[in-house]
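In: I would like to see how this sequence folds:
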Amino acid sequence: MRSVERLSELWRYRELIYNLVIRDLKARYKNSILGIAWSWLNPLMMMVVYTVVFNVLAGRSGIPDYPVFLLSALLPWNLFANSVAEATNSVVQSAPLIKKVYFPREVLPISVVLGNAVHFVISLPVFFGLALAMGRPISGWVLLLPVTLLVQIAFTLGVGLITATLNVFYRDTYLIMNVLLTAWFFLTPIFYPITTVPEQYVLWGIVFNPRVWLRRLNPMASIIASYQDLLYWGAPTGWDFFLRTAVTSVVVLIVGYLVFLRYSPRFGEEV
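Out: As a prediction, the model looks like this:
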């Protein structure tokens with residue numbers, strides 16, 4: 001019952017969320033010569049670096065139009081990694097505001113995730129421009145992109161609510177998450193297709209399917225693979241894994257929100 005009341009209260013503070021998102025977007029490009037164009041140049045520059053490292057030096061030239069393939073995964077990964085890192089520190093960073101004014105504390109991580117989602121949408125023209133420039137056709141399946149984005153936002157927000165809570169009580173959480181996100185990056189099919197992960201591997205005499213377990217244990221693997229299906233391959237595959245990931249994302253969001261609600265009354269004392 002308390003959760004329902006809190007959601008109703010959160011809805012009444014929707015204008016505050018909107019203002020925080022706008023504030024964060026303005027701060028992102030403040031004093032920047034390139035302004036919003038930086039949201040296009042930054043992923044392009046990272047794409048060039050990763051292409052040289054993973055395609056040229058690592059010899060993954062067998063993937064057609066590799067820059068397009070890489071960017072289709074890099075953009076959503078940046079949304080996830082930046083959102084989690086910023087959401088983790090959002091409550092602690094806003095300590096002066098929390099001590100002076102009452103508002104639902106979950107507004108802070110929510111505004112962070114939504115702000116990065118807007119930034120992701122702003123960055124999408126870079127992908128489509130690169131795809132068209134390299135002669136890569138855009139499939140009609142791209143219209144399902146909002147579905148994948150909603151699933152990712154749910155999962156990202158759930159993780160962000162949990163890490164934001166932990167960071168209030170254990171400040172090392174922010175530093176640990178930065179390390180974990182780096183490891184998470186390599187365990188997610190961003191610079192390699194998930195089809196390259198073997199379907200059979202023997203470990204300590206036990207035979208298992210690494211590709212299946214990668215999807216099961218890493219929701220971002222299925223989410224990124226879905227983006228690649230829609231943006232690069234042009235046809236969705238692995239619907240069963242994606243649907244399970246959607247359910248997992250909702251569960252993570254609910255658990256994250258309940259954890260956040262459970263400990264948020266103590267935030268004012270701890271920060």
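
In: could you use CA atoms for every contact and neighbour count after this?
Out: OK.

In: that's a strand at residue 207, yeah?
Out: Yes - under DSSP: H, G, I helix; E, B strand; the rest coil, residue 207 falls within a strand.

In: pLDDT score assigned to it?
Out: Confidence at residue 207, expressed as pLDDT, is 77.

In: so what's it up against?
Out: Going by Cα atoms under 8 Å, 6 or more residues apart in numbering, residue 207 touches 200-201.

In: for residue 95, same thing?
Out: Residue 95 makes contacts with 268, 271, as judged by Cα under 8 Å, 6+ apart.

In: does residue 69 touch residue 229 like I think?
Out: No - with contact defined as Cα atoms under 8 Å, residue 69 does not count as touching residue 229 (9.8 Å).

In: can you spell out which helices and strands pack onto the helix or strand where residue 148 lies?
Out: Assigned by DSSP states H and E, residue 148 belongs to helix 145-169. Contacts defined by 3 or more Cα pairs under 8 Å, 6 or more residues apart in numbering; DSSP states H and E place helix 145-169 against helix 66-93, helix 107-133, helix 172-186, helix 219-228, helix 239-263, helix 267-270.

In: so which of these gets nearest residue 20?
Out: helix 107-133 (6.0 Å; Cα to Cα).

In: chain neighbours aside, what residue packs nearest to residue 69?
Out: Nearest residue to residue 69, sequence neighbours excluded (Cα to Cα, 6 or more residues apart in numbering): residue 232, at 5.8 Å.

In: same question, residue 88
Out: For residue 88, ignoring the flanking residues on the chain, the nearest one in space by Cα to Cα, 6+ apart is residue 164 at 4.0 Å.

In: and the one you found, how many neighbours?
Out: Burial of residue 164 is recorded as 29 neighbouring residues (other Cα atoms under 10 Å).

In: and it, what does it touch?
Out: Residue 164 is in contact with 87-91, 109, counting by Cα under 8 Å, 6+ apart.

In: how about 7 Å then?
Out: Counting by Cα atoms under 7 Å, 6 or more residues apart in numbering, residue 164 touches 87-91.

In: redo those as a markdown table? Include distance to residue 113.
Out: Formatted as a markdown table, those follow (distance: Cα to Cα, whole Å):
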| residue | distance to residue 113 |
| --- | --- |
| 87 | 7 |
| 88 | 11 |
| 89 | 12 |
| 90 | 10 |
| 91 | 13 |
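
In: and which of the residues you listed is nearest to residue 126?
Out: Distance ranking of those against residue 126, using Cα to Cα, places residue 87 first at 25.4 Å.

In: pretty sure that closest one contacts residue 109?
Out: Yes - Residue 87 lies in contact with residue 109 (Cα atoms under 7 Å); the separation is 4.6 Å.

In: so if I had to pick from these two, which one is more boxed in?
Out: Using other Cα under 10 Å as the criterion, residue 87 and residue 109 rank with residue 87 on top: 30 against 27.

In: nearest residue to the most centrally placed residue in the chain other than its sequence neighbours?
Out: Nearest residue to the geometric centre of the chain (Cα atoms, centre = their mean): residue 80, 1.6 Å. Among residues not flanking residue 80 along the chain, residue 156 sits closest, at 6.0 Å (Cα to Cα, 6+ apart).

In: check what pLDDT the one you found gets.
Out: If you check residue 156, the pLDDT there is 97.
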